[in-house]
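Chemist: sequence first, then the predicted structure:
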Amino acid sequence: MFRPVFCEAKYHMIGGFIMRFGILGCQHAHIVMFIEEMLKLVHTFIGICDIDIKLAEILAKKYNVPLLSNWDELFALKPDIVGTSAVNNRKIDVIESCVKRGIHIMADKPLVTDMKGYERLLKVLNERNAQVGLMLTERFNPAVYTAWKMIKENKIGEPISFNFLKPHKLLEKSRPSWHFSRRENGGLLIDLLIHDFDLLQWFTQSNIEECHGYIKKTGYSEYPYFFDSVNIIAKTRNGVVATFEADWRMPDAYWSWGDGRIFCIGSCGRFEIKTVGDINMKKEPFVLSVTRDKEINTIVNEVISTTLTEDFLKRISGKKDVVIKEDDIINATYATLIADENVIEIV
């Protein structure tokens, strides 16, 4: 049976105790969300460690915590929970090391980059020594959560199809070299579309069973295995069809990191989610809907009552009513890996 691991500390409303946390592997600023949410919940930041100290050093100074030279130094400080944004194909090493010590771990996406890593992940999860979390942050986007509630409350009828658009800036000069390595990074599909594959399965309450598509290399000859555009079509077990588009071709001059959109057609209505980068310069995510009753409606975002980190701590404490369950991270990971195996390369 799973046994939560806590330090001897004061009582706290989330998870039961104030927890000691550290960062092991710090290659992407996404991990700042985990740090900020843990600190807001009054948990104790004990240190940060990575071989490449560029970002780690910046964050250690910002949060006034020790910059540690190796993993053992962090483990010696007895963390209850660790966050990681290590190089993508090395995250599974961090996960295995933490879980075997009974340390819970929250990882930036993706958890693994190939099927060998996936098998290692399943083995870790089956050991039940600690909980593994994945930063599926889009579920906590107010507009996305609002659309999920609309579907759940049958506001647009039965979902028929979805279209997910996710162009990104590459910002080539500021990217580390591993970003351009398909072996280390996993590639465009695994790195970016895991969010959208997860949302499709969350919206439909059904797993993806068929997936086909193309991944294209349109430049960057200095990086032979770096593909910058991907198009996918998938079908869930309950018959919902979705298309996915992602690329690294958003111009650097654009005001946001990208222009994220999700379109849904339902049996008695439809909606569009603008998650970021609206061309009309509306800064906050929002939802537009059309139903039988209203020609067009800008939906007021629902307030989600928890954060990503609070949700994970609830799972650690044994609560079942969480936004992201263990099966969700397994299903999202598996779907992206299968899609990546089936995709046809265009060079």
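Modeler: Now that the structure is in, tell me what you want to look at. Numbering: from 1, shown residues only.
Chemist: identify the residue nearest the geometric centre of this protein.
Modeler: For the chain, the residue nearest the mean C-alpha position is residue 136 (3.1 Å; C-alpha atoms, centre = their mean).
Chemist: so which elements touch the lengthiest helix in the chain?
Modeler: For the chain, the longest helix by residue count, based on DSSP state H, is helix 326-342. Packing partners of helix 326-342 (3 or more C-beta pairs under 8 Å, 6 or more residues apart in numbering; DSSP states H and E): helix 115-127, strand 132-134, helix 188-192, helix 194-204, strand 208-216, strand 229-236. No exception for glycine: its C-beta is placed from N, CA and C like everyone else's.
Chemist: give me that answer again for 7 Å
Modeler: Other elements packing on helix 326-342 under the criterion 3 or more C-beta pairs under 7 Å, 6 or more residues apart in numbering; DSSP states H and E are helix 115-127, helix 188-192, helix 194-204, strand 208-216.
Chemist: please read off the pLDDT at the residue nearest to the centre of the chain from the model.
Modeler: Residue 136 is assigned 98 on the pLDDT scale.
Chemist: distance check, it against residue 328.
Modeler: Computed as C-beta to C-beta, to the nearest Å, the residue 136 to residue 328 distance reads 7 Å.
Chemist: where in this structure is pLDDT low?
Modeler: 1-16, 279-283, 294-296 (pLDDT under 70).
Chemist: before we move on, the earlier item: want to try CSV for the helices and strands packed on helix 326-342, with mean neighbour count and distance to residue 267 as columns?
Modeler: Formatted as CSV, those follow (neighbours: other C-beta atoms under 10 Å; distance: least, C-beta to C-beta, whole Å):
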stretch, mean neighbour count, distance to residue 267
helix 115-127, 15, 35
helix 188-192, 23, 30
helix 194-204, 24, 13
strand 208-216, 17, 21
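Chemist: out of the ones you listed, flag the one nearest residue 268.
Modeler: For the helices and strands packed on helix 326-342, the distance to residue 268 is smallest for helix 194-204, at 16.0 Å, taking C-beta to C-beta.
Chemist: only the C-alpha atoms, please, for the closest one, written as PDB.
Modeler: Coordinates of each C-alpha in helix 194-204 appear next as PDB, following Å, rounded to 0.1, in the frame of the first residue of the first chain:
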ATOM      1  CA  ILE A 194       1.400  16.200 -24.200                       C
ATOM      2  CA  HIS A 195      -0.700  19.000 -22.900                       C
ATOM      3  CA  ASP A 196      -3.200  18.800 -25.700                       C
ATOM      4  CA  PHE A 197      -3.400  15.000 -25.700                       C
ATOM      5  CA  ASP A 198      -4.100  15.200 -22.000                       C
ATOM      6  CA  LEU A 199      -6.800  17.800 -22.500                       C
ATOM      7  CA  LEU A 200      -8.500  15.800 -25.200                       C
ATOM      8  CA  GLN A 201      -8.700  12.800 -22.900                       C
ATOM      9  CA  TRP A 202      -9.900  15.000 -20.000                       C
ATOM     10  CA  PHE A 203     -12.600  16.700 -22.100                       C
ATOM     11  CA  THR A 204     -13.900  13.500 -23.600                       C
END
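Chemist: check the offset of it from the chain's centre.
Modeler: 11 Å (C-alpha atoms, centre = their mean, to the nearest Å).
Chemist: next, the angle from that helix to helix 326-342.
Modeler: 120 degrees (axes from the mean of the first three to the mean of the last three C-alpha atoms, to 10 degrees).
Chemist: most remote residue from the middle of this protein, which is it?
Modeler: residue 293 (35.0 Å).
Chemist: tell me how far that residue lies from residue 88.
Modeler: Distance, residue 293 to residue 88, using C-beta to C-beta: 45 Å.
Chemist: just residue 277 next, same as before
Modeler: 24 Å.
Chemist: neighbour-wise, which of these two wins?
Modeler: Taking neighbours as other C-beta atoms under 10 Å, residue 277 and residue 88 compare with residue 88 leading, 27 against 21.
Chemist: was I right about the more buried one contacting residue 186?
Modeler: Yes: counting by C-beta atoms under 7 Å, residue 88 touches residue 186, with 5.0 Å between them.
Chemist: shared neighbours of those two, anything?
Modeler: 110, 113 (C-beta atoms under 7 Å, 6 or more residues apart in numbering).
Chemist: secondary structure class for the residue farthest from the centre of the chain?
Modeler: Taking DSSP: H, G, I helix; E, B strand; the rest coil as the rule, one finds residue 293 in the coil state.
Chemist: switch to numbering from 40
Modeler: Understood, numbering begins at 40; the last thing we discussed is residue 332.
Chemist: in stretch 360-369, which residues are buried?
Modeler: Within stretch 360-369, the residues that count as buried by 16 or more other C-beta atoms under 10 Å are 361, 362, 363, 367, 368, 369.
Chemist: got a list of what the fourth one touches?
Modeler: What that stands for is residue 367. residue 237.
Chemist: do you know how far it is from residue 56?
Modeler: Distance from residue 367 to residue 56, counting by C-beta to C-beta: 25 Å.
Chemist: now the strands: where do they sit in the stretch 90-239 of the chain?
Modeler: 106-107, 120-124, 143-146, 171-173, 198-208 (DSSP state E, counting those that start in this stretch).
Chemist: per-domain residue ranges of the protein.
Modeler: As given by automatic domain parsing, the domain ranges for the chain are 50-174, 177-346+375-385.
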